[in-house]
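> Need coordinates for the following:
(2 chains)
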Protein chains: 2
Amino acid sequence: MPTRITISEAVRHEAETVEIAGWLYNIRKSGKIVFPLLRDGTGLMQCVAVKSALPEALFETIKNLTQESSIVVTGKIRADARAAGGFEMDVENLEVVQRVPESDPYPITPKEHGTEFLMDHRHLWLRSQRQHAIIRVRHAVIKAVRDYFDSHGFTLVDTPIFTPAACEGTTTLFEVNYFEDEKAYLTQSGQLYNEANAMAFGKVYCFGPTFRAEKSKTRRHLTEFWMVEPEMAYADLEEVKRVAEEMLLFITARVLETRREELKVLERDVAKLESVQSPFPRIGYDEAVKILQANGSEIQWGGDFGGTDETILTQQFDRPIMVDRFPSAIKAFYMAPDPDRPEVALGVDVLAPEGYGEIIGGGQRVHDPELLLRRIEEHQLPKEAFNWYLDLRKYGTVPHGGFGMGIERCVAWICGLEHIRETIAFPRMLYRLRP
Amino acid sequence: MPTRITISEAVRHEAETVEIAGWLYNIRKSGKIVFPLLRDGTGLMQCVAVKSALPEALFETIKNLTQESSIVVTGKIRADARAAGGFEMDVENLEVVQRVPESDPYPITPKEHGTEFLMDHRHLWLRSQRQHAIIRVRHAVIKAVRDYFDSHGFTLVDTPIFTPAACEGTTTLFEVNYFEDEKAYLTQSGQLYNEANAMAFGKVYCFGPTFRAEKSKTRRHLTEFWMVEPEMAYADLEEVKRVAEEMLLFITARVLETRREELKVLERDVAKLESVQSPFPRIGYDEAVKILQANGSEIQWGGDFGGTDETILTQQFDRPIMVDRFPSAIKAFYMAPDPDRPEVALGVDVLAPEGYGEIIGGGQRVHDPELLLRRIEEHQLPKEAFNWYLDLRKYGTVPHGGFGMGIERCVAWICGLEHIRETIAFPRMLYRLRP
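Below you'll find the predicted structure:
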């Protein structure tokens, strides 16, 4: 019995006869030779079936294979510099597990399909090389994020998905019936719980799905998206910025190191990722507003950036930029004021280059118990629901801060994608809950 | 300025004067010396403040410190074999960031508190050494799970939380209003989506929160819990069992390697974890029923195991056991039948030792399109909702299988806990949605 290997293992089996189980990705015919292109989830392998070397019935079977038929191919691995993965396989045998019939063929063909059609067939679309590459980059990004925090003294403390109160307003919350009498809301951010955890563990992070019932149908919005959120006790805004930059450098370096092939499939200009180096430009909100006005934006001091503003700002630079000290009025109630200028918050947004917009938002939190209580009242939040959060300021409060990064926006930028919907296996949007 | 370090870094700073920022965990007084016990989230450090070596006002401040006051201590690190972490710190200076007043003291004192009280103060309870140890073991378990799959050819493909249809029945689903007209359900398992992903990537896993609206108030149930689910194309039941065993061995070895101190805090008998070695006993359901009957259980062939049955079975062994080939009637519609005995399913449950019960459930899936359609009809599931799932059997179906492991049950077993509620930072249960 030949050894069963994956296509990614072929490099260690040159000149051996092995078995690979997968699906027919494509097939090319040239008279007495057919070239089935096999995929097994780890790569593509060009197979070579020569009529004169195979029993007639087997050759006919191979010649008539249909796209996405499941097959187990036995053959000898041969190095070939022209082949996609560097190897080809000379077919000695081929077992058909299931032949997809011509009468009901695989719906996604090499021709162009509309986005809605592909999204309706997302469970199959994931088999294509482009989607494959994106999901593999996503995996590398997630692993890099976790490796970064795990190796820098952070403890993973998962925050709850079901929450009794809203973190930032209630209009974009998904509501759940929690047994008979209660309402729960799906988390929008682990932020508040993270602060409790940071007071217990010093440096923590949470990483899970978060939910926003936003009615916006844009290329940057999902209703369900994954977010990583570190939080640090005894940390100020400068430390938050340092960690955000170091993490992004770690991620881009890791993707460049381990996912070159995938970036090639995506036709990503890797020079744009290679220029992501320290230090990231740091500019204040005041200066950012001036740059925007000089470039034709109608923004006034006090306003939040629109998508176009973010694009104008980032076009000036070849790497992510950090904008800090936004007006307190447009930031969350828990953002600490700058002691020298209380009208601005010790918060920072990190904007990705090439018009990808905000990927990180964070800053230093209010740690003074009285100010926090006043903020809760000013924002007309239900104080009772925040009693536990106020406890954190009563029992050993310390300066602290952190940030949140949306994984899908980060992946869209790194992959160079037009739309965020391809960055997750089964995207959920305003009009998309299926499959 | 002395270098700021964490307590876990003290080993590299012996005989140096450093600064540590944290909170007062406890304090012992002995005439002209006081011993503040400092915690910073990475460990505990006994500090030594000698009256004659310090300004009088400072010594008074230190003497009168209250529990959980936030402090920054400067002093010289000194090795001391009797100290908890192997080091003590001779105090040279101490800055009080916030002193918790006697009038409103930290609510969790060294005396015994009731569980409800502690659960209501979960945001503070996490600061105690026991909860600390559990969460750190949890982090190690999660990292081990991810490292195992990442290093064994699996691609992480996150499955959606919002699902339009139920995977296993509808009575235990949480329902969400998804914008105007739609209902969504919170996922109970990534299983079905995992199968689509396995056909695209060969070997995949998902790892995220899952939800069950079970009205049971037991020590094994949470409404929100984390689950890891691997799924493999071209895999049979035996392969599923092999991977489940290898993963569990990987996890227990990792925890023993990196979390000895925490297991000691938990007073865990590590010999019980050290005996988790290959091979795990593999027994069939038929045999399990006989063992149970011989030990006084009233179970009959065809019935599912109760908690007591699981305890009886696992008490016979010193490591996890694998029970396979349960009656198909009590298993999910997608479980493949044994071709030699169609009345039993090619499924497996892994039961943890010491009465911790089922931690893993999995098996081989139905890959025959006609049988799957028949099963969906027999279970009176809405066929229309499963069209995409049936597509996976139409376009290159292959034998495949996988399993799911609940992280909290695994952590409860490894830590030797009575109740699952301590295995997650903010547990969600039938009557518990706060803080």
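
> and the stretch 301-435 of chain A, which residues reach chain B?
Contact residues, the stretch 301-435 of chain A versus chain B (C-beta under 8 Å from any C-beta of the partner chain): A:388-389, A:391-392, A:394-398, A:424-426, A:428, A:430, A:433-435. Just so you know, the C-beta spots here come from the backbone N, C-alpha and C atoms, and that holds for glycine as well.

> Can you select the buried ones among those residues for me in PyMOL?
Listed next is the PyMOL selection for buried residues among those, using 16 or more other C-beta atoms under 10 Å in any protein chain shown:
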select buried, chain A and resi 388+389+391+392+394+395+396+397+398+424+425+426+428+430+433+434+435
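
> Sitting in helices, which of the residues of the stretch 301-435 of chain A next to chain B do you find?
Residues of those located in helices (DSSP state H): A:388-389, A:391-392, A:394.

> what are the ranges of the helices in chain A?
Using DSSP H, helices in chain A cover A:56-63, A:115-120, A:122-125, A:129-150, A:191-201, A:237-258, A:260-265, A:270-274, A:285-294, A:307-315, A:369-378, A:387-394, A:407-415.

> Just the CA coordinates for the fifth one, please, in CSV.
Read that as helix A:191-201. Only the C-alpha atoms of helix A:191-201 are listed here, as CSV (Å, rounded to 0.1, in the frame of the first residue of the first chain):
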residue,chain,number,x,y,z
GLN,A,191,-13.7,46.4,27.1
LEU,A,192,-15.4,46.8,30.4
TYR,A,193,-14.8,43.2,31.5
ASN,A,194,-11.2,43.5,30.2
GLU,A,195,-10.7,46.3,32.8
ALA,A,196,-11.7,44.0,35.6
ASN,A,197,-9.4,41.3,34.3
ALA,A,198,-6.5,43.7,33.9
MET,A,199,-6.9,44.6,37.6
ALA,A,200,-6.6,40.9,38.4
PHE,A,201,-3.9,39.8,35.9
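
> pLDDT on it, on average?
Mean pLDDT, computed over helix A:191-201, is 98.

> do the same with the fourth one
Here the mean pLDDT over helix A:129-150 is 98, rounded to a whole number.

> and if you look at the last one?
Per-residue pLDDT values across helix A:407-415 average out to 98.

> Quick one: neighbours of A:Thr61, just the number.
18 (other C-beta atoms under 10 Å in any protein chain shown).

> Check what pLDDT it gets.
So, for A:Thr61, pLDDT stands at 98.

> Show me which residues of the stretch 1-150 of chain A are close to chain B?
Near chain B, when you scan the stretch 1-150 of chain A using C-beta under 8 Å from any C-beta, you find A:6, A:8, A:21-24, A:40-42, A:68-70, A:72, A:97-98, A:100, A:104, A:106-107, A:121, A:123-124, A:126-127, A:131-132, A:135-136, A:138-139, A:142-143, A:146, A:150.

> ok, now which ones touch A:His400?
Neighbour list for A:His400: A:195, A:198-199, A:231-235, A:364-365, A:367 [criterion: C-beta atoms under 8 Å, 6 or more residues apart in numbering or on different chains].

> other SSEs contacting the lengthiest strand in chain A?
Across chain A, the longest stretch assigned as strand under DSSP state E is strand A:17-30. Judged by 3 or more C-beta pairs under 8 Å, 6 or more residues apart in numbering or on different chains; DSSP states H and E, the packing partners of strand A:17-30 are strand A:3-4, strand A:33-39, strand A:44-50, strand A:70-79, strand A:87-98.

> what are the C-alpha coordinates of the second one, in PDB please?
Yep, that's strand A:33-39 we're talking about. Below are the C-alpha coordinates for strand A:33-39, written out as PDB (Å, rounded to 0.1, in the frame of the first residue of the first chain):
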ATOM      1  CA  ILE A  33      -2.200  12.600 -22.100                       C
ATOM      2  CA  VAL A  34      -4.600  14.200 -19.700                       C
ATOM      3  CA  PHE A  35      -3.600  16.400 -16.800                       C
ATOM      4  CA  PRO A  36      -6.000  16.300 -13.900                       C
ATOM      5  CA  LEU A  37      -5.300  19.100 -11.400                       C
ATOM      6  CA  LEU A  38      -5.800  17.700  -8.000                       C
ATOM      7  CA  ARG A  39      -6.600  19.800  -4.900                       C
END
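
> So what's the model's average confidence on stretch A:83-90?
In the prediction, stretch A:83-90 has an average pLDDT of 90.

> And for stretch A:423-431?
Rounded mean pLDDT across stretch A:423-431 is 95.

> State the distance spanning the first to the last residue of that stretch.
End-to-end span of stretch A:423-431 (C-alpha to C-alpha, to the nearest Å): 17 Å.

> Relative to the whole chain's centre, how far out is it?
Offset of stretch A:423-431 from its chain centre (C-alpha atoms, centre = their mean, to the nearest Å): 12 Å.

> What are the contacting residues of that stretch?
A:119, A:122, A:126, A:134-135, A:138, A:214-217, A:221-226, A:407-409, A:411-412, A:415, A:417, A:420-421, A:435, B:157-162, B:179, B:193, B:197.

> one more time with 7 Å, if that's ok
Residues outside stretch A:423-431 that contact it (C-beta atoms under 7 Å, 6 or more residues apart in numbering or on different chains) are A:122, A:126, A:134-135, A:138, A:215, A:217, A:222-224, A:408, A:411-412, A:417, A:421, A:435, B:157-160, B:162, B:179, B:193, B:197.

> Give me the contact list for stretch A:325-332.
Contacts for stretch A:325-332 (C-beta under 7 Å, 6+ apart): A:168, A:284-285, A:302, A:304, A:335, A:337-338, A:343-345, A:347.

> Weed out the non-buried ones from the residues you listed.
Of the contacts of stretch A:325-332, these count as buried by 16+ other C-beta under 10 Å: A:168, A:285, A:335, A:337-338, A:344-345, A:347.

> In the residues you listed, find the pair that's most separated.
The two members of those with the most space between them (C-beta to C-beta) are A:Glu168 and A:Asp338, at 20.4 Å.

> from memory A:Gln129 sits against A:Glu267, does it?
No - counting by C-beta atoms under 7 Å, A:Gln129 does not reach A:Glu267; the two are 11.6 Å apart.

> one step back: the longest strand of chain A pairs with which strands?
strand A:3-4 (parallel), strand A:33-39 (antiparallel), strand A:70-79 (antiparallel) (DSSP bridges).

> CSV for the ones you listed, including mean neighbour count?
Shown next, in CSV, are the strands paired with strand A:17-30 (neighbours: other C-beta atoms under 10 Å in any protein chain shown):
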stretch, mean neighbour count
strand A:3-4, 12
strand A:33-39, 20
strand A:70-79, 20
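
> Where does pLDDT dip in chain A?
Where chain A drops to pLDDT under 70, the residues are A:165-170.

> Got the domain ranges for it?
Taking automatic domain parsing as the criterion, chain A consists of the domains A:3-98, A:123-423.

> Highest mean neighbour count out of those?
Highest mean neighbour count of these: domain A:123-423, a mean of 19 (counted as mean count of other C-beta atoms under 10 Å in any protein chain shown).

> Roughly how far does the residue nearest to A:Gly303 when sequence neighbours are not counted sit from chain B?
For A:Gly303, ignoring the flanking residues on the chain, the nearest one in space by C-beta to C-beta, 6 or more residues apart in numbering or on different chains is A:Ile330 at 7.5 Å. A:Ile330 sits 26 Å away from chain B, going by C-beta to the nearest C-beta, to the nearest Å.

> Might you report the residue contacts of the closest residue to A:Ala196 other than its chain neighbours?
Nearest-residue entry for A:Ala196: B:His123, 3.9 Å, with adjacent residues in sequence omitted and distances by C-beta to C-beta, 6+ apart. Shown in contact with B:His123 (C-beta under 7 Å, 6+ apart): A:196, A:388, A:391-392, B:435.

> mind redoing it with 8 Å?
Contacts of B:His123 by C-beta under 8 Å, 6+ apart are A:193, A:196, A:388-389, A:391-392, B:435.

> what's the farthest-apart pair in those residues?
Every pair of the contacts of B:His123 checked by C-beta to C-beta; the farthest is A:Tyr193 and A:Asp391, at 12.6 Å.

> so what's A:Val34 bridging to?
With DSSP bridges as the rule, A:Val34 is bridged to A:Lys29, A:Ala49.
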